[in-house]
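>>> Quick one, what's the 3D model for this:
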Amino acid sequence: MKCFVTGASGFIGSNLVHELVARGHRVKALLRPGADERGLFGAKYERVTGDILDRKLLQAEMEGCDWCFHVAASYQLWMRNYRPMYQANVEGTRAVLEAAGRAGCRRIVYTSTVGCIGLPRRQPDGSFKPTNELDLAKEEQMSNDYKRSKFQAERVAMTLFHQAGLPIIIVNPSAPVGPGDVKPTPTGQIIVDFLNHRLPAYLETGLNWVHVRDVAVGHILAAEKGRFGERYILGNQAGNWSMKDTLTRLEKITGIRATKLKIPYWFAYRVAEVSEMMAFFTGKAPRATLAGVRMAKYKMWFDPGKAIRELGLPQTPPEQAFADAVNWFRANGYVKK
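Residues are numbered from 1 along each chain as shown. The predicted structure follows:
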């Protein structure tokens, strides 16, 4: 198939390009001028330079493409001005999906987030039951601008499916880890900080960890087998870990002792307030964000059973995902001696 990929230089996007090329597909990758292409090293693809808001460019470059993967997104937990994030995530999604429809793409895969899935609720016994695609998030659950913009973008995708009949499939990745996290992502930064002994304490939370390669393959499987108008959580059934569990496993993988000191939420909130106040004046991203602290209050545990059953989503052990990430960060100069 001839495939058009936005966000091709990002963590998920670059892994997707590698997986598509490995399976014999042809790839046109949309990249901004000056994009960091280190994650794409070794992959054979056709470079398209431009922006997701350039409708004329999008439609012209998508002509003749069978599949479109819209992976691009603005993913920051703090910005001085969030307007560009909404432009990219909401209006950019509208522009890409409409252009793909006009160009005649037969399958359009939109990359959303598990942030658009309803959050797990505490059970009477104190445990948390992982949620699935049927658990609808409410807009008031959108605790930061990134989640809010992605929530609005997913509604755009569903509207274009229902009203315009576009062949859209939505995938909702959880927390990917693995090789090729060039920037790195906020979740990858946890591993980098751990390796550099920069985690003297932790804030308890819960995440669903998944190998980034499984997420990339899940995109391809969605294009091959996904049902139009459906959502698929790309996660791992064995990956619902607390942060304490995560650090314990990292200790086992790396041999580096994990901290036992847990930060109370009120303290983390005050630190984030000060950090963001300083960032507003310096222009440098804060080490701690209010958005991150607010998200940490919840156990973000999800059930990817639907993607496993309908798509055949691979389930690489999360421990392997972390080991692969650790090896990649060490091999690529992210760990100080």
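>>> What lies in contact with the lowest-mean-pLDDT helix or strand in the chain?
In the chain, no helix or strand scores lower on mean pLDDT, DSSP states H and E than helix 290-296, which sits at a mean of 83. Here helix 290-296 makes contact (CB atoms under 8 Å, 6 or more residues apart in numbering) with 77-78, 143-147, 186, 203-205, 243, 265, 268-269, 272-273, 276. Every residue, glycine included, has its C-beta placed from N, CA and C.
>>> Recalculate using a threshold of 7 Å.
Applying CB atoms under 7 Å, 6 or more residues apart in numbering, the contact partners of helix 290-296 are 77-78, 143-144, 146, 203, 205, 265, 268-269, 272-273, 276.
>>> now stretch 191-200
Here stretch 191-200 makes contact (CB under 7 Å, 6+ apart) with 177, 184, 250, 254, 256, 259, 261, 325-326, 329, 334-336.
>>> Which residue comes closest to residue 113 once chain neighbours are left out?
residue 150 (5.1 Å; CB to CB, 6 or more residues apart in numbering).
>>> nope, residue 64 is what I meant
Closest residue in space to residue 64, ignoring its immediate chain neighbours: residue 2 at 6.1 Å, by CB to CB, 6+ apart.
>>> still on that earlier bit, now do the buried residues in the very next helix or strand once past the least confident helix or strand of the chain.
Heading C-terminal from helix 290-296, the first helix or strand you meet, by DSSP states H and E, is helix 305-311. Judged by neighbour count using 16 or more other CB atoms under 10 Å, the buried positions of helix 305-311 are 306-308, 311.
>>> now stretch 82-99
For stretch 82-99, by 16+ other CB under 10 Å, it's 82, 85-86, 88-99.
>>> same check, this time on stretch 219-234
Neighbour-count burial for stretch 219-234 [16+ other CB under 10 Å]: 219-223, 226, 230-234.
>>> nearest to residue 158, of these?
Residue 158 lies nearest to residue 231 out of the buried residues of stretch 219-234, by CB to CB, at 8.8 Å.
>>> This structure: helices as residue ranges?
For the chain, the helices defined by DSSP state H occupy 11-22, 55-62, 83-86, 92-103, 145-164, 186-195, 212-225, 243-254, 265-282, 290-296, 305-311, 318-331.
>>> can these go into a markdown table with extra columns for distance to residue 46?
Below are the helices of the chain laid out as a markdown table (distance: least, CB to CB, whole Å):
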| stretch | distance to residue 46 |
| --- | --- |
| helix 11-22 | 11 |
| helix 55-62 | 9 |
| helix 83-86 | 27 |
| helix 92-103 | 15 |
| helix 145-164 | 25 |
| helix 186-195 | 28 |
| helix 212-225 | 18 |
| helix 243-254 | 38 |
| helix 265-282 | 38 |
| helix 290-296 | 36 |
| helix 305-311 | 27 |
| helix 318-331 | 26 |
